[in-house]
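K.L.:
no FASTA, just this:
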């Protein structure tokens with residue numbers, strides 16, 4: 001009904017991997033309502049999986065690849081002036097299909113000045129964006145785009161192509177607008193690692209302190225950056241930083257080495273303690289569920305979590321993004337291609353030593369023991385009032401999702417405790433398949449897409465080390481003040 005009322009010329013949808021089927025369906029509905037409407041898909045999944053997406057959803061007229069602001073503007077302009085039907089090839093940064101043949105146009109240059117992009121926060125239905133731990137409105141602004149590093153399990157560096165960072169003062173201008181005009185009380189920087197550029201992150205924090213905005217915030221960042229900035233952590237806390245999620249990724253050093261993290265167990269523990277000493281809530285992220293997972297390695301992650309004593313811990317199922325380097329390395333070990341389940345809580349990989357139900361059960365056992373200890377022996381007795389209030393709010397959110405059976409998708413799969421581990425049903429759609437691209441196709445895709453990482457990737461390919469990426473979450477590489485990566 002809404003589509004009929006608006007009668008648009010173009011309908012667009014964006015999708016990360018687990019949302020791809022819903023996005024495809026939305027655009028199919030748009031075509032059913034008006035066969036002449038131009039349907040456009042954006043987002044990371046379509047950017048790299050466009051050959052498959054266009055074949056399984058032929059009603060999609062175009063896929064915007066990479067950051068979409070300029071590409072989509074160019075596309076809409078072509079539709080408006082009538083050139084779209086005559087010369088789609090002229091629109092850079094898209095993929096489309098002609099008589100069953102998939103065509104990808106040359107990449108559109110990345111947007112060098114991110115500050116010229118002004119988001120319209122006023123169009124949001126703000127009552128739907130509530131941060132449960134604080135019962136306040138939440139926003140997720142950008143500080144930078146891209147990453148100078150090339151982790152094997154990540155694809156953000158591929159999507160954004162170049163690392164670019166905004167003017168810290170203009171970012172704070174945006175946050176001030178969010179606080180003043182939209183009553184936002186908490187924000188999360190969307191960046192994978194906003195502390196990469198040390199000088200600008202410090203300037204960002206100093207500007208927040210100067211303006212004294214009534215807002216708290218959180219970030220994801222790298223263990224090595226916390227160690228590097230040890231003396232600055234109290235200043236970060238004065239700027240309102242209350243929650244830091246660290247990519248510790250795995251307790252067993254074997255897995256850290258596999259992910260090419262090049263951090264040590266001792267570094268992870270020290271970073272957590274430094275943050276706690278500065279009054280900042282810490283969250284340790286563990287990746288579990290690779291094919292070499294065992295009951296013993298899962299128990300080790302729990303023991304490590306208790307030893308490191310972060311305020312929160314998260315055990316995320318390894319999700320093999322089909323456009324990541326590690327996915328190619330795993331090869332036939334990835335058997336599930338129902339992308340709707342690629343959500344960090346569904347065990348896509350089946351460990352050799354256990355079935356998926358047992359894996360889920362042991363992860364839940366870690367959660368139960370960890371948060372039981374926090375509930376009764378730590379959170380209520382936290383001396384810092386701000387930290388205590390925040391932690392109790394996080395506990396409330398955790399319990400709420402648990403009682404509603406939304407936590408870890410437990411209600412959907414039918415998990416009700418250890419007694420149900422043999423009967424859980426992940427409902428994988430076996431009809432969903434994936435045709436792996438050849439090494440030649442991957443090389444061609446890199447040549448036509450990657451920019452700042454091109455020389456690094458080519459060097460690794462020549463050495464037979466395409467998967468020897470490092471840094472995300474704690475490698476030896478750092479970002480120099482001028483923005484160039486150094487080792």
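P.N.:
Okay, I see it. What you see is a predicted model, and the numbers here were worked out from it, not measured in a lab. Numbers count the residues shown, from 1 in each chain.
K.L.:
Which pLDDT value belongs to residue 35?
P.N.:
Note on residue 35: pLDDT of 96.
K.L.:
element containing it, please.
P.N.:
Assigned by DSSP states H and E, residue 35 belongs to neither a helix nor a strand.
K.L.:
Need the three-state assignment for the nearest residue in space to residue 270 that is not next to it in sequence.
P.N.:
Excluding its sequence neighbours, the residue lying closest to residue 270 (Cβ to Cβ, 6 or more residues apart in numbering) is residue 227, at 6.6 Å. All C-beta atoms are positioned from the backbone trio N, CA, C, and that covers glycine. When classified by DSSP: H, G, I helix; E, B strand; the rest coil, residue 227 comes out as helix.
K.L.:
now swap in residue 138 and tell me
P.N.:
Going by three-state DSSP: residue 138 is strand.
K.L.:
quick one: residue 431 is in a strand?
P.N.:
No: assessed with three-state DSSP, residue 431 is coil; it does not lie in a strand.
K.L.:
just the strands in the stretch 101-250 of the chain please.
P.N.:
With strands called from DSSP state E, counting those that start in this stretch, the stretch 101-250 of the chain shows them at 101-104, 130-131, 136-139, 144-145, 164-165, 184-188, 216-221, 241-249.
K.L.:
and residue 325, which of those strands is closest to it?
P.N.:
strand 241-249 (15.6 Å; Cβ to Cβ).
K.L.:
follow-up on the earlier one: just give the number of residues close to the residue nearest to residue 270.
P.N.:
15 (other Cβ atoms under 10 Å).
K.L.:
for this structure, which spans come out with low pLDDT?
P.N.:
The chain contains residues with pLDDT under 70 at 249-263, 445-447, 450-487.
K.L.:
One more pass at 90, please.
P.N.:
1-2, 147-158, 161, 192, 222, 247-267, 287, 290-292, 323-333, 435-487 (pLDDT under 90).
K.L.:
If we go by neighbour counts, what in stretch 358-375 is buried?
P.N.:
Neighbour-count burial for stretch 358-375, counted by 16 or more other Cβ atoms under 10 Å, picks out 358, 359, 360, 361, 362, 363, 364, 366, 367, 370, 371, 374.
K.L.:
what's that stretch in contact with?
P.N.:
The contact list for stretch 358-375 (Cβ atoms under 8 Å, 6 or more residues apart in numbering) reads 288-289, 293, 295, 298-299, 301-302, 305-306, 311-313, 315, 317, 347, 351, 354, 391, 395, 398, 408, 410, 413, 415, 417-418, 421, 424.
K.L.:
Would you convert the strands of the stretch 101-250 of the chain into TSV that also reports mean neighbour count and distance to residue 153?
P.N.:
Listed next are the strands of the stretch 101-250 of the chain as TSV, based on neighbours: other Cβ atoms under 10 Å; distance: least, Cβ to Cβ, whole Å:
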stretch	mean neighbour count	distance to residue 153
strand 101-104	13	25
strand 130-131	16	27
strand 136-139	20	27
strand 144-145	22	19
strand 164-165	20	23
strand 184-188	22	21
strand 216-221	22	14
strand 241-249	24	9
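K.L.:
Any of the contacts of stretch 358-375 buried? List them.
P.N.:
288-289, 293, 298, 301-302, 305, 311-313, 315, 317, 347, 351, 354, 391, 395, 398, 408, 410, 413, 415, 421, 424.
K.L.:
Looking at these, which are in strands?
P.N.:
Mapping these onto strands (DSSP state E) picks out 288, 312, 313, 315, 317.
K.L.:
secondary structure class for the residue lying closest to the second one once chain neighbours are set aside?
P.N.:
In space, not counting the residues next to it along the chain, residue 312 is nearest to residue 283; the distance is 4.2 Å by Cβ to Cβ, 6+ apart. Secondary structure for residue 283, judged by three-state DSSP, is strand.
K.L.:
who touches residue 105 in this structure?
P.N.:
With contacts defined as Cβ under 8 Å, 6+ apart, residue 105 is in contact with 88, 89, 90, 91, 92, 93, 94, 95.
K.L.:
And the most centrally placed residue in the chain, how close does it get to residue 324?
P.N.:
By Cα atoms, centre = their mean, the chain has its centre lying nearest to residue 192, at 7.0 Å. Distance, residue 192 to residue 324, by Cβ to Cβ, to the nearest Å: 13 Å.
K.L.:
can you list residues touching both of the two?
P.N.:
Common neighbours of residue 192 and residue 324 (Cβ under 8 Å, 6+ apart) are residue 154.
K.L.:
circling back to that earlier point, does the residue nearest to residue 312 touch residue 242 like I think?
P.N.:
No: here residue 283 lies out of contact with residue 242, judged by Cβ atoms under 8 Å, at a distance of 11.2 Å.
K.L.:
what do these two both touch?
P.N.:
Among the neighbours of residue 283, none is also in contact with residue 242 (Cβ under 8 Å, 6+ apart).
K.L.:
which one is residue 415 nearest to, not counting chain neighbours?
P.N.:
The nearest residue in space to residue 415 (Cβ to Cβ, 6+ apart) is residue 424, at 4.9 Å.
K.L.:
shouldn't that neighbour be in contact with residue 416?
P.N.:
No: using Cβ under 8 Å as the test, residue 424 is too far from residue 416 to be in contact (9.0 Å).
K.L.:
Tell me which two of the contacts of residue 105 sit farthest apart.
P.N.:
90 and 95 (14.2 Å).
K.L.:
The two: which has the busier surroundings?
P.N.:
Neighbour totals were compared for residue 90 and residue 95, and residue 95 leads with 21 against 11 (other Cβ under 10 Å).
K.L.:
so the more buried one makes contact with residue 62?
P.N.:
Yes: under the criterion of Cβ under 8 Å, residue 95 makes contact with residue 62 at 7.0 Å.
K.L.:
Tell me who's in contact with the closest residue to residue 106 other than its chain neighbours.
P.N.:
Leaving aside its sequence neighbours, residue 106 sits nearest to residue 92 (Cβ to Cβ, 6+ apart; 5.2 Å). Contacts for residue 92 (Cβ under 8 Å, 6+ apart) come out as 71, 74, 105, 106, 107, 108.
K.L.:
just checking, which of these belong to helices?
P.N.:
The helices, defined by DSSP state H, take in 71, 74 from these.
K.L.:
surely residue 379 meets residue 396?
P.N.:
No: using Cβ under 8 Å, residue 379 makes no contact with residue 396, being 10.4 Å away.
K.L.:
Fine, thanks again, bye for now.
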